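# need coordinates for the following:
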Amino acid sequence: MEEIKSMLTVGETDKAIALLDEYIKQHPDSDSAYFIRGNAYRKKESWKEALDNYSEAISINPDSPAKLAYNATIEVLDFYNKDMFNQ
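Numbers count the residues shown, from 1 in each chain. Below is the predicted model of the structure:
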């Protein structure tokens, strides 16, 4: 997992997501893997995928840090002025 976290730090997001996909296949109850994959998708601004992964992490572990990340992502999305997209 540390290697995957390092990949995210240096911007190898797609490669990290691919490795997380494989890891989750082998460890489907790893809330930390879903949390990290949520972070990766958030970096890509793939909001739905980020929220889906955070939700999965929370369902596995209600005390997961994904709960804070989920709420923060919702706040970011609520902050956007959607009217600006229509200009």
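# name the nearest residue to the most centrally placed residue in the chain, ignoring sequence neighbours.
Of all residues in the chain, the one closest to the mean position by Cα atoms, centre = their mean is residue 38, 0.9 Å from it. Distances taken as Cβ to Cβ, 6 or more residues apart in numbering place residue 53 nearest to residue 38, at 3.5 Å, with adjacent residues excluded. C-betas here are computed from N, CA, C, even on glycine.
# same thing with residue 29?
Nearest non-adjacent residue to residue 29 (Cβ to Cβ, 6+ apart): residue 60, at 5.8 Å.
# isn't the one you found right up against residue 31?
Yes - Residue 60 is within contact range of residue 31, at 4.0 Å (criterion: Cβ atoms under 8 Å).
# can you classify the residue nearest to the centre of the chain by secondary structure?
Look at residue 38: counting by DSSP: H, G, I helix; E, B strand; the rest coil, its state is helix.
# quick check: pLDDT value at it.
If you check residue 38, the pLDDT there is 97.
# check contacts around it.
Contact analysis of residue 38 by Cβ atoms under 8 Å, 6 or more residues apart in numbering lists 49-54, 57, 66, 69-70.
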